[in-house]
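Undergrad: have a look; sequence and predicted model below, questions after that.
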Amino acid sequence: MSLLSRSEIQFLQGQKQVSKSYEYKIKSVMKRKLANLLDKELPLLSLLFPNLNLTKFSKISHNNQGDVFLTESSKTSNN
């Protein structure tokens with residue numbers, strides 16, 4: 001099961017063109033999913049996997065170090 005729907009993934013990859021109103025809706029849904037992941041699900045998972053840094057992923061490169069951080073606290077703790 002994926003966090004994002006097939007339509008959301010296609011939209012993010014530029015494979016799906018949508019109207020402005022649907023773009024607003026799809027972005028709102030993704031923001032809500034991301035907020036839920038960061039606020040509720042990651043803290044629960046970190047209790048189950050205390051030695052695993054769940055907020056750091058390095059498969060996608062967005063900054064100079066090649067790391068992507070999901071939370072502001074993980075950014076500040078690693079700089």
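TA: Sure thing, it's come through.
Undergrad: and the average pLDDT for the longest helix anywhere in the chain is what?
TA: The residue-count maximum for a helix in the chain (DSSP state H) belongs to helix 20-36. Helix 20-36 comes out with an average pLDDT of 95.
Undergrad: next one, pLDDT for residue 52 please.
TA: 79.
Undergrad: what sits against it?
TA: Residue 52 is in contact with residue 46, counting by C-beta atoms under 8 Å, 6 or more residues apart in numbering. Glycine gets a C-beta too; all of them are placed from N, C-alpha and C.
Undergrad: and it, backbone torsions?
TA: Main-chain torsions, residue 52, degrees, to the nearest 10: phi -100, psi 120.
Undergrad: can you list the domains in this structure?
TA: Domains of the chain are assigned by automatic domain parsing as 1-48, 53-79.
Undergrad: what's the span of the longest one from first residue to last?
TA: Same thing as domain 1-48. End-to-end distance for domain 1-48, by C-alpha to C-alpha, to the nearest Å: 19 Å.
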